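K.L.:
Here's my sequence, what's the structure:
(one chain, ligands or ions: 1)
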Amino acid sequence: MIRSNLLADSHGRVMRDLRVSVTDRCNFRCLYCLPETEEAADFYRVKSNALRNPSPIAREWKPRSQILSFEEIERVVRIAVDSGIQKVRVTGGEPLVRQGVEMLVARLADIRGVTDLAMTTNGFLFPQKGRALRQAGLQRVSFSLDSLDPANFKKITGRDGLRSVLASIDLAQELGLHPVKVNAVVIRGLNDHEIEALAGFARQKNLSFRFIEFMPLDSGRAWQKELVVPGREILQRLQARFELRPVRSSNLSETAKRWSFADGRGEIGIIAPVSEPFCGHCNRLRLTADGKIRTCLFSLTEPDLKPLLRGGASDETIRERLQEIVWHKEERHHIGEPDFVQPERTMSCIGG
Ligand code: SAM
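P.N.:
Next up, the predicted model:
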């Protein structure tokens, strides 16, 4: 039963955060997301006797006609914001490969009620796009950076891009996109030897750095529990090297547990969806590039808003459909349990 305009689910959670994927395409081929290289196959064969059952779906790019236009995205965001969404994050695939994405950002920045407009990007194209994005009204940016070693960076992403990403981080700070966040997915045997170096980098550059556990959302279907470095282990290693102070937060829906460095420069956060799930406070919703709504990263169904958007439905009808979808949001994910089923679409299609 729906009692208000808000996007509330049947477990008492109200949605405040909308991730908007603007494309399913990406210019990187990260081992844990959309691997393509021989190195990926080699790594997983050695580490986990995989790639066992690669999903073809991630690489079947959606035809342009199925991808939402900027007008359609803006309309969904307006309706969602009118229904209580406050934070909007533009993501992908790689959002910067979508032509004119800064025009979408400008449209979203104009929506009253958006208190936080952010983007997640691999940073490769940010040196060319950063200023325009800032001018368009982008408030914050999160970069993905899993390695500070050029060879390992290339092994992980399939691209020779470390220098561009480092330049992007500097530029974002220069542009005042504060705080600049940087995310690293930690995978055992791949980049876990860099945990301390990445944290040192966060401190040196005064960044908000997030270590994220590897989730079973890879197109290679190579995820194995043994490849996950639990958040607890990451923290213990960092505490052995740095003096860290817990950062208290009243925001229960925050995904990261955070620590600041004793000298006050930079902070680290640990996002541990596998070993310490935080579903009970999840207030996130995702709109995929092809107009589907995902109520959980691990949803097995994705209701499609396109027929309504393209079939002349009123805003009120779309809002009611959204409310109905949200009402059925999954209580929690089931990673590691016998009934866990990996979703067909991968992080690159879902929008991280
Ligand atoms: N292309 C952009 C980027 O690289 O930041 C945005 C999309 S990417 C799918 C969003 C985030 O998802 C990135 O930080 C990436 O590292 C993370 N990610 C992708 N696959 C993942 C997985 N299997 N487990 C954990 N995080 C993952």
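K.L.:
What is the three-state secondary structure of residue 285?
P.N.:
strand (DSSP: H, G, I helix; E, B strand; the rest coil).
K.L.:
how many neighbours does it have?
P.N.:
Residues contacting residue 285 under the criterion other Cβ atoms under 10 Å number 23. The C-beta positions use only the backbone N, C-alpha and C, and glycine is treated the same way.
K.L.:
can I assume residue 201 sits in a helix?
P.N.:
Yes: according to three-state DSSP, residue 201 belongs to a helix.
K.L.:
quick thing: my sequence starts at 5, can you match it?
P.N.:
Sure, I'll start numbering at 5, so the last one becomes residue 205.
K.L.:
That one reaches residue 213, doesn't it?
P.N.:
Yes: look at residue 205 against residue 213 with Cβ atoms under 8 Å: they come within range, at 7.4 Å.
K.L.:
neighbour count winner among these two?
P.N.:
The neighbour count for residue 205 versus residue 213, taken as other Cβ under 10 Å, is higher for residue 213 (24 against 19).
K.L.:
Distance-wise, check the more buried one relative to the ligand.
P.N.:
For residue 213, the distance to the ligand (Cβ to the nearest ligand atom, to the nearest Å) stands at 12 Å.
K.L.:
what mean pLDDT would you report for the helix or strand encompassing that residue?
P.N.:
Using DSSP states H and E, residue 213 sits in strand 212-217. Strand 212-217 carries an average pLDDT of 98.
K.L.:
Show me what secondary structure element comes after it.
P.N.:
helix 235-245.
K.L.:
Pull the contacting residues for residue 312.
P.N.:
Contact analysis of residue 312 by Cβ atoms under 8 Å, 6 or more residues apart in numbering lists 321-322, 325.
K.L.:
Same question for residue 200.
P.N.:
241-242, 245.
K.L.:
Can you tell me which of these has the most neighbours?
P.N.:
Sorting the contacts of residue 200 by how many neighbours each has (other Cβ under 10 Å) puts residue 242 first, at 20 neighbours.
K.L.:
Can you pull out the low-pLDDT segments for this structure?
P.N.:
For the chain, the stretches with pLDDT under 70 are 5-7, 41-45, 49-63.
K.L.:
For this protein, which residues are neighbours of the ligand?
P.N.:
30, 36-37, 95-96, 98, 124-126, 148, 187, 189, 216, 218-219, 221-222, 351-352, 356 (Cβ under 6 Å from any ligand atom).
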